[in-house]
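Student: Fold the following, please.
(chains A and B)
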Amino acid sequence: MIRLEKVRVLFNQGTALEKVVLKNVSLTIEEGEIVTVIGGNGAGKSTLLNVLTGDINISQGRIFFEETDVTRWSAAKRASMVARVFQDPLVGTCGSLTVEENLALAFYRGKNLGLGFALSPKNRKAFTTFLERLNLGLEARLKDPIGLLSGGQRQAISLIMAVLAPMQILVLDEHTAALDPRTAAFIIQLTRNIILEKNLTVLMVTHSMHQALEVGNRTLMLTEGEIVFDVKGAERSKLKEDDLLRLFKEVVHKTGEEDEILLNV
Amino acid sequence: MNELQFLGAIELGLIYGMVALGVYLSFRVLDFPDLTADGSFPLGAALAATLISQGQDPWLSTLCAVLGGCVSGLFTAWLSVRWKILNLLASILTMLALYSINLRIMKGPNVTIMMDIKTIFSPFETFFTAKIAGTILLLSLIALVAGVSLWYFLLTKTGLALRATGTNPRMAQAQGIKTKGMILLGISLSNGLIALGGALFAQHQGFADVTIGNGTIIMGLAAVIIGEVVFPTRRIWLTLFACIIGTILHRFAIALALNADGLGLQATDLNLVTAAIVIIAMILPRLKEATANKLIGRGHA
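Tutor: Numbers count the residues shown, from 1 in each chain, chains lettered A, B, ... in the order given. I've put the predicted structure just below:
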């Protein structure tokens, strides 16, 4: 269980440009919940995600993973509990390192490193098995620098990397936004398969209303740093994309129309 | 170039090879432009020469020199990661401070190791009929041990984390790698290697001088770049080997340039020649790229 208690995030604190990005957000994510998060630009979606991973320090409030207070933990320290797939596959993988070296880094995520060899015949074999299941032929490219692979291939590997080590929550940061529609559909299908198979707890930020309902069992809508809409269960399964869009228009009515344009429905 | 100059270039190449390994670690692996070398190289020389002149065990003195280098690297990295001082500037500050520290250590601008005092080279000098053969043997062994150790280290989990820190710190953090710690570790190791070069230099030449550090970083960088041009590879062991070979080639280039009668260069032109070699080595790949692009452009037309 992940719990945010009255989390407040300020940017440029103490300056004339001070901005409240999250306003006292409280949120509890139960084990096995797959939460999709939508909202316009600047609504605080990415901030919420970065608060979970520890990339952004909060100004007020508390964050608990199970009963552990991780509020002041750095991103590196939280890595044993949080796995992340970045929007840009170039950020999520290390271009100059080989495919197997990237996988090894993810395999040891949050563990003590020490002076043992990073790659052994045993984990090479495990990596091959993981990649074979993608059916992309990537198992033959273990020794290639990952920078030689396409964006879609790199994002598929990022997903595999995220689930190589145990975690309490998987966070997906608009992880299909940088891909072409066909590749995006493939990555979403892969995401769903992996989540189901591993029975993961997930927070997925997305720009697409379609994805927000297609994936997961709970949907949040953020506007101006607040959760304005939180739906799950039967109520959610009745929702259509159009309903969601209408809701979205209602709640963001006061913020103007540019958000609509930015939404990709 | 006569035989003596040829062998001398190999000796100096092996000594500065340690510098090249250190520079490879900071500039290439960690992407941290660290100029501490200009201070940590003479620091290693000063520590080794002073301790050995006082009658300390030469191996122990060399170890002290290496540790001294590690500490100076640690200081640079600490300034950079803890206090967010620009890495280049942090290293220049350490370099500046080390100049005074080196004068303190030597209690003057230089220290001479007397002929009758034992250095790590002494037992090897009587191995073969030619004194220089023993010296080269020992230097080769040290280069081999340093190179293999660094190779092994870069293949370990910690070494992989270090490489990830250098190429993509954000991704590294998401994988739970403490990137600040990795920079501290890497820059410390790098300067340890460079100080080892200084300690070997002092014992080989029989003196340490506060000015011997001038241009160390450029010599190291020259070696790394020449190595990359001669052995373009992604294999780590070959890259490390290329660093050492690059240093030796660089020493050859210097010896040749200074000896070419037509050029009229003298020993004091060393830094000019070194700078010229680095500039050429850096321009050549760009020139090659530009020519290749031109050719491709024509092909399409």
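Student: quick one: which helix or strand includes B:A172?
Tutor: When elements are defined using DSSP states H and E, B:A172 is found to belong to helix B:169-174.
Student: If you count contacts, what does that helix end up packed against?
Tutor: Secondary structure elements in contact with helix B:169-174, counted by 3 or more C-beta pairs under 8 Å, 6 or more residues apart in numbering or on different chains; DSSP states H and E, are helix A:75-78, helix A:89-92, helix B:157-167, helix B:179-205. (Each C-beta comes from the backbone N, C-alpha and C, glycine too.)
Student: just the residues of the stretch 101-250 of chain B that are near chain A, which are they?
Tutor: Remark: the part of the stretch 101-250 of chain B in contact with chain A comprises B:153, B:155-161, B:163-164, B:167-168, B:170-179, B:234, using C-beta under 8 Å from any C-beta of the partner chain.
Student: If any of those residues are buried, give me the PyMOL selection for them.
Tutor: Restricted to the buried members of these, where burial is judged by 16 or more other C-beta atoms under 10 Å in any protein chain shown, the PyMOL selection command reads as follows:
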select buried, chain B and resi 153+155+156+157+158+159+160+161+163+164+167+168+171+172+173+174+175+176+177+178+179
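Student: picking up where we left off before, for the helices and strands packed on helix B:169-174, state which one has the densest average packing.
Tutor: Among those, ranked by average contacts under mean count of other C-beta atoms under 10 Å in any protein chain shown, first place goes to helix B:179-205 (a mean of 27).
Student: Wait, a helix at A:K143?
Tutor: No: A:K143 sits outside any helix when classified using DSSP: H, G, I helix; E, B strand; the rest coil, being coil.
Student: residues touching it, list them.
Tutor: A:K143 makes contact with A:T98, A:V99, A:E100 under the criterion C-beta atoms under 8 Å, 6 or more residues apart in numbering or on different chains.
Student: and the first one, how many neighbours?
Tutor: Meaning A:T98. For A:T98, the number of neighbouring residues by other C-beta atoms under 10 Å in any protein chain shown comes to 19.
Student: Make sure it is actually in contact with A:P145.
Tutor: Yes: with contact defined as C-beta atoms under 8 Å, A:T98 reaches A:P145; the gap is 5.6 Å.
Student: Give me the pLDDT for the closest residue to chain B within the stretch 51-200 of chain A.
Tutor: Per C-beta to the nearest C-beta, A:A79 is where the stretch 51-200 of chain A lies closest to chain B, at 3.0 Å. The model reports A:A79 with a pLDDT of 92.
Student: How about it: what's its closest non-neighbour residue?
Tutor: With C-beta to C-beta, 6 or more residues apart in numbering or on different chains as the criterion, A:A79 has its nearest non-adjacent residue at 3.0 Å, and that residue is B:G176.
Student: So that neighbour, which state does it fall into?
Tutor: Here B:G176 takes the coil state, with states given by three-state DSSP.
Student: Distance of the residue in the stretch 101-250 of chain B that chain A sits nearest to relative to A:F107?
Tutor: Of the stretch 101-250 of chain B, the residue with the smallest distance to chain A, taken as C-beta to the nearest C-beta, is B:G176 at 3.0 Å. Using C-beta to C-beta, to the nearest Å, one obtains 11 Å as the distance from B:G176 to A:F107.
Student: got it, and A:R78?
Tutor: Computed as C-beta to C-beta, the A:R78 to A:F107 distance reads 18 Å.
Student: same thing with B:L160?
Tutor: Distance from B:L160 to A:F107, by C-beta to C-beta: 10 Å.
Student: Average pLDDT for the one helix or strand B:V145 maps to, rounded please.
Tutor: Under the assignment given by DSSP H and E, the secondary-structure element containing B:V145 is helix B:131-155. Per-residue pLDDT over helix B:131-155 has a mean of 95.
Student: Likewise for stretch B:81-99?
Tutor: Model confidence over stretch B:81-99 averages 97 on the pLDDT scale.
Student: Over to stretch B:10-19?
Tutor: Here the average pLDDT along stretch B:10-19 is 96.
Student: how far is that stretch from where the chain is centred?
Tutor: In this view, stretch B:10-19 has its centroid 8 Å away from the chain centroid, taken as C-alpha atoms, centre = their mean, to the nearest Å.
Student: mind listing the helices for chain B?
Tutor: When secondary structure is read from DSSP state H, chain B shows helices at B:3-23, B:37-53, B:58-83, B:87-106, B:122-125, B:131-155, B:157-167, B:169-174, B:179-205, B:216-230, B:236-259, B:270-300.
Student: And the fourth one, how far out from the chain middle?
Tutor: I take that to be helix B:87-106. Put simply, helix B:87-106 sits 17 Å off its chain's centre (C-alpha atoms, centre = their mean).
Student: buried sites along that helix?
Tutor: Within helix B:87-106, the residues that qualify as buried by neighbour count (16+ other C-beta under 10 Å) are B:N87, B:A90, B:S91, B:I92, B:L93, B:T94, B:M95, B:L98, B:I101, B:N102, B:I105, B:M106.
Student: need the contact list for the closest residue to A:E5 other than its chain neighbours.
Tutor: Spatially, and ignoring its direct neighbours in sequence, A:E5 is nearest to A:R62 (4.5 Å; C-beta to C-beta, 6+ apart). Residues touching A:R62, when contacts are defined by C-beta under 8 Å, 6+ apart, comprise A:R3, A:L4, A:E5, A:K6, A:V7, A:D69, A:T71.
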